[in-house]
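J.: Model the structure of this input:
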Amino acid sequence: MTKNNFPSQKTIEQVRRKYPENSRVELVKMADPFSRLLPGDRGTVRFVDDTGTIHVRWDNGEGLGVIYGVDKVRKV
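T.: Next up, the predicted model:
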């Protein structure tokens, strides 16, 4: 993490390589108490933004992003 609590550019590029567009992911944990997503929910990566957030189109219709360093997904 950099001083502003965002991942470094190098880390963001690593996240982009690990989770390219259209890759499938499964939620491990999400810190958002208002999310309807549950561990085990799956979705398709849309893109990784400049803060390292992985934007996912979840199979249940949700569109929440996975925040780097807070939430966790794994590739399936």
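J.: need the strands for this structure, in chain order.
T.: Secondary structure of the chain (DSSP state E): strands at 24-29, 42-48, 54-58, 65-66, 72-75.
J.: Out of those, which is the most enclosed?
T.: When the strands of the chain are scored by mean count of other CB atoms under 10 Å, the highest mean neighbour count falls to strand 65-66 (a mean of 22). Where C-beta positions appear, they are placed from N, C-alpha and C, glycine not excepted.
J.: Okay, the nearest residue to Asn22 once chain neighbours are set aside and Thr11: tell me how far apart.
T.: Nearest residue to Asn22, sequence neighbours excluded (CB to CB, 6 or more residues apart in numbering): Thr44, at 5.9 Å. Using CB to CB, to the nearest Å, Thr44 is found at 22 Å from Thr11.
J.: go on, Gly65?
T.: 16 Å.
J.: and if you look at Val25?
T.: Separation of Val25 from Thr11 (CB to CB): 18 Å.
J.: same question, Glu62
T.: Glu62 is 25 Å from Thr11, where distance means CB to CB.
J.: and if you look at Gly52?
T.: Remark: distance between Gly52 and Thr11 (CB to CB) = 6 Å.
J.: The two - which one has more neighbours?
T.: More neighbours surround Gly52 than the other of Gly52 and Thr11, with 23 against 15 (other CB atoms under 10 Å).
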